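Participant: sequence below, structure please.
(chains A, B, C and D, ligands or ions: 2)
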Amino acid sequence: MSENARLPAGYYLINFETMLREASARYEDLLRPEESQLVDQFLALPLNARRLYVRMLMRKGPWFREDGLSYAEIEDLPKSSEILCHQGFCETEASLTDMVALLKRDEIAEGLERCGIEFPKALRREALLQLWVERTSADALTADLRLRYHFLRPLHEELWELVSFMFFGNSDQDLSDFVLADIGRIHYENYAVDTSARLFQTRHDIDFLRSMRSIREQFEEAKLAGNAESMGLLTDQVLAMEPHPGIRQQRRYHRLLNDVGREWERMEDFGRASRCYALSQLPPARERLARITQDPSRACAMAIQMAAAPLDPSEERFARVFLKRQGKREPEAARWTQSHPEAPPAPILRFALPRQDSVEMAVLEAARELGWAGFFAENLLWNALFGLVFWEELFAPVPGAFVHTFQNAPMDIATPDFFTRREIAIRARLAMIEDHAYLVRRVLETANAKWGVASAFLSWRHLDRAMLQAAVEHVPSPVMASILGTMAVNPRAFSSGFPDLFLYKPGSREWALWEVKGPGDALRPEQERWLRQFRRLGCSVALARVAWVVER
DNA sequence: ACTATCGCTCAAACA
DNA sequence: TTTAAAATGG
DNA sequence: TGTTTGAGCGATCCATTTTAAA
Ligand SMILES: [Mn+2]
Ligand SMILES: [Mn+2]
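Facilitator: Ligands and ions are numbered 1, 2, ... in the order given. Alright, predicted model coming up:
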């Protein structure tokens, strides 16, 4: 579809009802009777009432003033508003707080004048409002505002959130995705949608995820209010939860445990923090647990265990640094450090450069003076190569992988299933790119054919064809196969930490990867991880350390 | 997966 | 009147 | 002095309208 395509009148209602229809068809049995009934009742409302209702749902709200709602395609808005209220889809009795929140600064000033209250002209909205509330009785103010304006608020918003969650499979996308696709802002791949697959088998699958979100919000609220008691109750609730077998549910749960634990750690309640971390199987739970453990020899034992089977590069890094530090006092730690010597991940190149906005661009310029050509590549380049080489595998019609038309990756992209369910195809593709001519063709042709099509691995806006071409021509096939093969096992986890600069010598096979570090910056564990892998593969890698010099 | 993430910067603690 | 942030809507 | 650690920041579709604050 082309940019600036005209949308049909009431497009938002069409989209809303499409979402409603598809979600309730797929998950009919997961809706409660009263929810299904509300859906039917909504669909039976007159067109203008449905339009007005959805217009409000799309806006921030939750309260509106009827005089602030005006749409060319909705005739007789007051009548629609009345129908909505009468049918139980809207309420009108706003609290004083909700009402005054909808008053503009000048309207508050007018109100003060009406009440004969003197005020300095330059007072800000907040101050004016405070003055009005202080000098008027709440009852009088409420009565005055009710008389002067009609307030309106759509009800049952939670139901539509549930429906949207069912439709998209997440709470991050919403109806604006329909619009972005229709006007051509985003082009989604034309994959086959699986109409029978279900992301959720039971209502509990959904409610568990929704409760994770709700508890997180409540905890955050209690934290901001400084309400330690409420935080404690929520924590007990989280700790007592029955584990859910779903992979996604577990990840959300462990994530919540980590964040809650971290907050107790900040508040120096290490007992509560430990209980949270002990239940979590997601980094950095083990690291936090080792850090707050009082007994140093137990902490070292934990670190040694972590080093033996790290869940991610941060665990590996932590264990090494921690054991090295404990080595003075703990003989076990000293023994481990001695038997696990580490080579530096990359040779260091030192630069003294005049200060610039971007330290990476400064080094890129310095490299150009040394005869290099190159790009600020970082994750962008390698993710793009991954997304292009495996384009067909990523969008392959694996059962359940695609459940609606607004996806930039299969649903299982962040799970171990992604690799296992496509292993044969992925291995076949890796074998094919061992042929360097095929690799070059594959990447450049796919880029041309798919330029602009939404993929989680491609930032077309920032991608540079010249960079792709240079990379694909200089990186040897076995290196490419090793890197992309590693990424394929867990594309999300391995999508970051790539070196800043991709460099090459024009007209030669020579190429290099440099990670740039300004003063005070240090290698992050994932960055070290990739540097070591590239180095193991025989690539030229370097750590470019920059010191700023005063230019004179 | 934009109450999420990644990478940079800064400052304090640490060795 | 100007500027910037927030909200809106295609 | 250099390194480690934790916290904080920016940047996301984008053109136009509304609102607040000078
Ligand atoms: Mn970087
Ligand atoms: Mn860097």
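
Participant: three-state assignment of the closest residue to A:Asp412 other than its chain neighbours?
Facilitator: Closest residue to A:Asp412 apart from its sequence neighbours, by Cβ to Cβ, 6 or more residues apart in numbering: A:Phe418 at 4.8 Å. No exception for glycine: its C-beta is placed from N, CA and C like everyone else's. Here A:Phe418 is recorded as helix under DSSP: H, G, I helix; E, B strand; the rest coil.

Participant: my guess is A:Phe418 contacts A:Phe494, does it?
Facilitator: No - counting by Cβ atoms under 8 Å, A:Phe418 sits too far from A:Phe494 to count as a contact (11.6 Å).

Participant: what about the residue nearest to A:Asp412, how many neighbours?
Facilitator: Per other Cβ atoms under 10 Å, the neighbour tally for A:Phe418 reads 24.

Participant: so how far is A:Phe395 from it?
Facilitator: The span separating A:Phe418 from A:Phe395 equals 12 Å under the rule Cβ to Cβ, to the nearest Å.

Participant: same question, A:Ala428
Facilitator: In terms of Cβ to Cβ, A:Ala428 sits 16 Å off from A:Phe395.

Participant: look up phi and psi at A:Glu220.
Facilitator: For A:Glu220, the backbone dihedrals are phi -60, psi -40 (criterion: degrees, to the nearest 10).

Participant: that older thread, just want to know which of A:Ala428 and A:Phe395 has more residues nearby.
Facilitator: The neighbour comparison of A:Ala428 against A:Phe395 (other Cβ under 10 Å) goes to A:Phe395, with 22 against 11.

Participant: for the more buried one, what are its contacts?
Facilitator: Applying Cβ atoms under 8 Å, 6 or more residues apart in numbering, we find A:Phe395 in contact with A:Glu189, A:Tyr191, A:Phe402, A:Pro410.

Participant: okay, it and DNA strand B: tell me how far apart.
Facilitator: Distance from A:Phe395 to DNA strand B, counting by Cβ to the nearest atom of the strand, to the nearest Å: 16 Å.

Participant: and if you look at A:Ala343?
Facilitator: 21 Å.

Participant: helix, strand, or coil at that residue?
Facilitator: coil.

Participant: surely A:Ile292 and A:Cys276 touch.
Facilitator: No - with contact defined as Cβ under 8 Å, A:Ile292 does not reach A:Cys276; the gap is 10.8 Å.

Participant: which of those two has more neighbours?
Facilitator: A:Cys276 (25 against 17).

Participant: if we can go back for a sec, give me the pLDDT value at the residue nearest to A:Asp412.
Facilitator: The model reports A:Phe418 with a pLDDT of 96.

Participant: what sits against it?
Facilitator: The neighbourhood of A:Phe418, defined by Cβ under 8 Å, 6+ apart, consists of A:Pro410, A:Asp412, A:Asn490, A:Pro491.

Participant: from A:Ala488, how far off is it?
Facilitator: From A:Phe418 to A:Ala488 the distance is 8 Å (Cβ to Cβ).

Participant: now do the SS call for A:Trp548.
Facilitator: Going by three-state DSSP: A:Trp548 is strand.

Participant: shaky segments in the stretch 201-350 of chain A?
Facilitator: For the stretch 201-350 of chain A, not a single residue meets the criterion pLDDT under 70.

Participant: tell me who's in contact with the residue of chain A found nearest ligand 1.
Facilitator: Nearest residue of chain A to ligand 1, counting by Cβ to the ion: A:Asp500, 4.3 Å away. Contact analysis of A:Asp500 by Cβ under 8 Å, 6+ apart lists A:Glu360, A:Val363, A:Phe376, A:Ala377, A:Glu378, A:Trp514, A:Glu515, A:Val516.

Participant: for it, phi and psi?
Facilitator: phi -60, psi -50.

Participant: DNA strand C contacts on chain A?
Facilitator: A:6-7, A:11-12, A:55, A:58-61, A:71, A:176, A:179-180, A:183, A:185 (Cβ under 7 Å from any atom of the strand).

Participant: which of those residues count as buried?
Facilitator: A:Tyr11, A:Tyr12, A:Arg55, A:Val179, A:Leu180, A:Ile183 (16 or more other Cβ atoms under 10 Å).

Participant: with pLDDT and distance to A:Ala127 added, can I get these in TSV?
Facilitator: Output for these, formatted as TSV (pLDDT from 0 to 100; distance: Cβ to Cβ, whole Å):
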residue	pLDDT	distance to A:Ala127
A:Tyr11	96	42
A:Tyr12	96	38
A:Arg55	96	33
A:Val179	94	39
A:Leu180	93	40
A:Ile183	92	42
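
Participant: nearest to A:Arg124, of those?
Facilitator: A:Arg124 lies nearest to A:Arg55 out of these, by Cβ to Cβ, at 30.7 Å.

Participant: that's all I had, so thanks and see you.
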